[in-house]
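Peer 1: turn this into a model:
(6 chains)
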Number of protein chains: 4
Amino acid sequence: MTGKPPRAPRADARRNRALVLRAAAEAFATDGLSVPVHEIARRAGVGTGTVSRHFPTKESLFAAVLLDRMAVLTARADALAATEDPGAAFFAFFAELIHEGTDHRGLAESLAGAGFDIESAAVEAGSDVSGRLHALLKAAQDAGAVRDGITFADVKALMSGCLAREVDPADTGARDRVIAVVRDGLRAT
Amino acid sequence: MTGKPPRAPRADARRNRALVLRAAAEAFATDGLSVPVHEIARRAGVGTGTVSRHFPTKESLFAAVLLDRMAVLTARADALAATEDPGAAFFAFFAELIHEGTDHRGLAESLAGAGFDIESAAVEAGSDVSGRLHALLKAAQDAGAVRDGITFADVKALMSGCLAREVDPADTGARDRVIAVVRDGLRAT
Amino acid sequence: MTGKPPRAPRADARRNRALVLRAAAEAFATDGLSVPVHEIARRAGVGTGTVSRHFPTKESLFAAVLLDRMAVLTARADALAATEDPGAAFFAFFAELIHEGTDHRGLAESLAGAGFDIESAAVEAGSDVSGRLHALLKAAQDAGAVRDGITFADVKALMSGCLAREVDPADTGARDRVIAVVRDGLRAT
Amino acid sequence: MTGKPPRAPRADARRNRALVLRAAAEAFATDGLSVPVHEIARRAGVGTGTVSRHFPTKESLFAAVLLDRMAVLTARADALAATEDPGAAFFAFFAELIHEGTDHRGLAESLAGAGFDIESAAVEAGSDVSGRLHALLKAAQDAGAVRDGITFADVKALMSGCLAREVDPADTGARDRVIAVVRDGLRAT
DNA sequence: TATGAATGAGGGTTCATTCAT
DNA sequence: CATGAATGAACCCTCATTCAT
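Peer 2: As a prediction, this is how the structure comes out:
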């Protein structure tokens, strides 16, 4: 009678998946994309096979790590999109993305073109932080809060600059300073 | 006495060194830091052993590649430092660095923290593009052309943003647009 | 006394055993011995643990698959042994074995010495198709229908030739042609 | 002046290549296709990388092993083709192929369809033992020494039978007995 | 008893570096 | 000095088997 509909995943499987995801996020952030899968498994306290079961390839694991963060960010973007000031919304989301990515060496590497393609990772998983950012940008431009001519690609590049490792992760002031520079530069003249 | 006075390198050795350096610059730029040493040797038309002889490690080869470019840039910085407008000098050098690094995937990766540490590579080789940029920055700040509080690290981060692969290398306009944003953001308020 | 009298297996256990056996036969035949146990479980619609419970190792599963077919063949051999013409009986059984094994990639691989040892698999399970074939061979030789000197091992080798994948499974003619060659070659001179 | 024409391989490289080839032939023969590359390297007394350098994939190594033997056989076939009796030539070559393959478990597995595809391995390397056998077969059929209707595929299947591991490699008599059966069966009626 | 998640050894391959030629 | 073959650790991934649920 129960047939074979995809049953809910077992509790331990879910827990391990989460453990792996957390360990991977940390490992990618700390050591970059070149961290061995083996090391991720070790940190998660599981066997390498368990990692592979949940995430068939290393790339898919990275995609999942990004997705995990992105889910939160997507929601945040939607909330901001509903506020009154498009310019403020865009810049707030921009800053949030930066703070999110801070310390994440893997993310920075991916943005820089080393290792995996970040955009395809996001697409693969169906997330759309990019889309949200794009929309917020357009709204801000329509409202005159961001100078015309600036493209979405430009914004992404500037983002990657704010995420650069040159900015001391422990130094919140530095991060904010760089963000401020970009923000002021983006404002309409 | 006859021991080991640093004899002048043989002519063929010098030529090979140059061949390797050129091939490496191209390879790192095109394929990123993960390009095999073997491939660099192939492009240079020499054996892998020759590469290793001149540059004991892959990292030292990358450092040498950077250094090579840096030598040119250092001279350019000195010329700019002698001009009248410190602000213009700084921004010109900044833009020049960006254009220099454009298309250089290895450089972008290194800036993003993937692979080798760019600063230690520079230090190792004794070059001082960083020092020049630092000095130009300071002069510009003293002249009130760059807002106070901005640190050298901030500038490097913003540079890496301008070098991000998101900016289409073929699209000069895009590159300049991003540079303009950063420049305007850096200007004193 | 209440210890462990070999209780009759539960109905669902028996059914699952049969499901696994059928799926395994198909899988081994189609994909060869290297088919993953996981895949067999999937085809059977059971968990991998269920497969392992009934057949502790992959090899024992393969042995069981062979045994299953062998049971039918043993009966057939006994029927043929009761007929009048020993030569005809032997050759008929020989052909039957070939047709049985046709298309069975796993069987062919096993005969060729890849993967599992077929003889020990049969012995392990107590089946005796080999014994039947052996007996029929001896009778045929005694009747002068098969040349002397031919051993049982020779016959098995020739069988494996008739089962070779070079013979197009879809081409009944080819199969029969090869069988005919072996039959004529085996006949007394 | 010498430019860069493919220079003759170094002496040690040639020696190692030969060592690997010999070790591989032995290993494949003894242990079958599933023998680890690592084990082949161990037997050859070289590192695993050396094996990979000479033979980029395991399959290419197997192909080379076959090719090595095939080169000899091709020459032998050509010699036989020049003799007077096409029937004798065909059967002699057939027997030679069998003796060649005797004991070679890897070859038998490949013929049985496990592991690598033997035909494509041969083709890849440009050898054409198959072609030679085919030609000898046709000539023998034209001369009336082999019954009509028999195809090349039939012959290959029967060959694989003669190579079956059931035939004790140490028992030359057994091998010859099986070959005789096939030969007599193939003769025109 | 059934499940399927977990295990972890082992697979083939790559590549920076060394060293005999 | 130049060469490029040799090295072998390390990589990611597969899968037969075990065991908690």
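Peer 1: let me know how buried the residue in chain A positioned nearest to DNA strand E is, in neighbour terms.
Peer 2: Residue nearest to DNA strand E within chain A: residue A:49 (1.7 Å; CB to the nearest atom of the strand). Just so you know, the C-beta spots here come from the backbone N, C-alpha and C atoms, and that holds for glycine as well. Other residues lying near residue A:49 total 9 when counted by other CB atoms under 10 Å in any protein chain shown.
Peer 1: what helix or strand is it on?
Peer 2: Taking DSSP states H and E as the definition, residue A:49 sits inside helix A:48-54.
Peer 1: what comes up buried for that helix?
Peer 2: Using 16 or more other CB atoms under 10 Å in any protein chain shown as the test for burial, helix A:48-54 gives A:50, A:51, A:52, A:54.
Peer 1: tell me the one of those residues nearest residue D:83?
Peer 2: Distance to residue D:83 across those (CB to CB) is lowest for residue A:52, with 59.3 Å.
Peer 1: got the contact list for the nearest residue to that closest one once chain neighbours are set aside?
Peer 2: The spatial neighbour of residue A:52 that comes closest, neighbours along the chain excluded (CB to CB, 6 or more residues apart in numbering or on different chains), is residue A:37 at 7.5 Å. Residues in contact with residue A:37 (CB atoms under 8 Å, 6 or more residues apart in numbering or on different chains) are A:48, A:51, A:52, A:58, A:61.
Peer 1: among the residues you listed, which one lies nearest to residue D:186?
Peer 2: Nearest to residue D:186 out of the contacts of residue A:37 is residue A:52 (CB to CB; 51.7 Å).
Peer 1: quick check: the residue of chain A nearest chain B.
Peer 2: Residue nearest to chain B within chain A: residue A:161 (1.5 Å; CB to the nearest CB).
Peer 1: residue contacts, that residue?
Peer 2: Applying CB under 8 Å, 6+ apart, the residues near residue A:161 are A:178, A:182, B:157, B:158, B:159, B:160, B:161, B:162, B:164, B:182.
Peer 1: let me know the closest of these to residue C:11.
Peer 2: Within these, proximity to residue C:11 (CB to CB) peaks at residue B:164, which comes in at 65.8 Å.
Peer 1: now do the SS call for the closest one.
Peer 2: coil (DSSP: H, G, I helix; E, B strand; the rest coil).
Peer 1: what's near enough to touch it?
Peer 2: Neighbours of residue B:164 in contact, by CB under 8 Å, 6+ apart: A:111, A:112, A:156, A:157, A:158, A:160, A:161, B:108.
Peer 1: now the strand or helix carrying the fifth one, how far from the centre of its chain.
Peer 2: Put plainly, it is residue A:158. Under DSSP H and E, the secondary-structure element containing residue A:158 is helix A:152-162. Centroid separation for helix A:152-162 versus its chain: 13 Å, with CA atoms, centre = their mean, to the nearest Å.
Peer 1: one more: stretch A:53-66?
Peer 2: From the chain centre to the centre of stretch A:53-66 is a distance of 14 Å (CA atoms, centre = their mean).
Peer 1: near DNA strand F, anything from that stretch?
Peer 2: Yes. For stretch A:53-66 and DNA strand F, the contact criterion (CB under 7 Å from any atom of the strand) is met by A:53, A:56, A:57, A:58, A:59.
Peer 1: distance check, the fourth one against residue A:34.
Peer 2: Relative to residue A:34, residue A:58 is positioned 10 Å away (CB to CB, to the nearest Å).
Peer 1: more neighbours: which of those two?
Peer 2: More neighbours surround residue A:58 than the other of residue A:58 and residue A:34, with 20 against 16 (other CB under 10 Å).
Peer 1: show me the contacts for that one.
Peer 2: residue A:37.
Peer 1: hmm, which helix or strand of chain A has the shakiest average pLDDT?
Peer 2: helix A:118-125 (a mean of 68; mean pLDDT, DSSP states H and E).
Peer 1: next SSE downstream of it?
Peer 2: helix A:129-142.
Peer 1: and the longest helix along chain A, how far out from the chain middle?
Peer 2: Determined from DSSP state H, the single longest helix within chain A is helix A:58-81. Put simply, helix A:58-81 sits 6 Å off its chain's centre (CA atoms, centre = their mean).
Peer 1: which parts of chain A sit against DNA strand E?
Peer 2: A:7, A:9-10, A:12-13, A:15-17, A:45-50, A:52-54.
Peer 1: hang on, the earlier thing: could you work out the most separated pair of the residues of stretch A:53-66 next to DNA strand F?
Peer 2: A:53 and A:59 (15.6 Å).
Peer 1: the one helix or strand residue A:173 maps to to helix A:129-142, inter-axis angle?
Peer 2: Taking DSSP H and E as the criterion, residue A:173 maps to helix A:172-186. Taking axes from the mean of the first three to the mean of the last three CA atoms, to 10 degrees, one finds helix A:172-186 and helix A:129-142 inclined to each other by 50 degrees.
Peer 1: counting contacts, what elements does helix A:172-186 pack onto?
Peer 2: helix A:86-101, helix A:152-162, helix B:152-162, helix B:172-186 (3 or more CB pairs under 8 Å, 6 or more residues apart in numbering or on different chains; DSSP states H and E).
Peer 1: so can I have JSON lines of the ones you listed showing mean pLDDT?
Peer 2: Formatted as JSON lines, these follow (pLDDT from 0 to 100):
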{"stretch": "helix A:86-101", "mean pLDDT": "90"}
{"stretch": "helix A:152-162", "mean pLDDT": "87"}
{"stretch": "helix B:152-162", "mean pLDDT": "87"}
{"stretch": "helix B:172-186", "mean pLDDT": "92"}
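Peer 1: show me where pLDDT drops low in chain A?
Peer 2: A:1-9, A:103, A:112, A:121-127 (pLDDT under 70).
Peer 1: find the nearest non-adjacent residue to residue A:26, please.
Peer 2: Per CB to CB, 6+ apart, closest to residue A:26 is residue A:43, 6.8 Å.
Peer 1: interface residues of chain A facing DNA strand F?
Peer 2: So far as CB under 7 Å from any atom of the strand goes, chain A lies against DNA strand F at A:10-12, A:34-39, A:48-49, A:52-53, A:56-59.
Peer 1: and residue A:71, how far is that from chain D?
Peer 2: For residue A:71, the distance to chain D (CB to the nearest CB, to the nearest Å) stands at 41 Å.
Peer 1: look up how far chain C lies from that residue.
Peer 2: When distance is defined by CB to the nearest CB, residue A:71 is 31 Å away from chain C.
Peer 1: next one: residue A:155
Peer 2: From residue A:155 to chain C the distance is 46 Å (CB to the nearest CB).
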